[in-house]
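A.B. asks: For reference, the sequence and a predicted model appear below.
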Amino acid sequence: MSTIFYDHLIEFEEIEVALSVHNLDPKTKKEVSQMIEETIHYRMMNVILTNLPKEHHQDFLERFYQAPHDEGLFDYLKEKVGNIEDLLSQEIEKVKKELLADLKI
């Protein structure tokens, strides 16, 4: 997993515990974990791009792809959007609830 500027907002422990209950083989567990990470990333980027004015999309995406780990991206987004951390935190909670519900099946 690569480091992304919003990683500190995500707590994977509860999801990892729910995943471990299923006793998946290592390959399958790795694939499911990757799908979870991709889902979270998609949803985070959706929140960002939905709230970021279109004229800033290209600039943000260039900055993100140059340094996805740069926590300065929060400063950039705060300037353009406001308190993006709250929006991302809310979305992470939604995703976590959905994933935990899916893992209980």
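C.D. replies: Perfect, I can see it now. Residues are numbered from 1 along each chain as shown.

A.B. asks: From Glu79, how far off is Ser20?
C.D. replies: 40 Å (C-beta to C-beta, to the nearest Å). (C-beta placed from N, C-alpha, C; glycine too.)

A.B. asks: next helix or strand past the helix or strand where Met35 lies?
C.D. replies: For Met35, the host element (DSSP states H and E) is helix 26-51. Of the helices and strands lying after helix 26-51 in sequence (DSSP H and E), the nearest is helix 57-66.

A.B. asks: Dump the C-alpha coordinates for that following helix into PDB.
C.D. replies: Output of helix 57-66 as PDB, limited to C-alpha atoms (Å, rounded to 0.1, in the frame of the first residue of the first chain):
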ATOM      1  CA  HIS A  57      -9.300  19.700 -10.800                       C
ATOM      2  CA  GLN A  58      -6.300  19.500 -13.100                       C
ATOM      3  CA  ASP A  59      -4.000  21.400 -10.700                       C
ATOM      4  CA  PHE A  60      -5.000  19.100  -7.800                       C
ATOM      5  CA  LEU A  61      -4.600  15.900  -9.800                       C
ATOM      6  CA  GLU A  62      -1.200  17.000 -11.000                       C
ATOM      7  CA  ARG A  63      -0.100  17.700  -7.500                       C
ATOM      8  CA  PHE A  64      -1.600  14.500  -6.200                       C
ATOM      9  CA  TYR A  65       0.100  12.300  -8.900                       C
ATOM     10  CA  GLN A  66       3.500  14.000  -8.300                       C
END
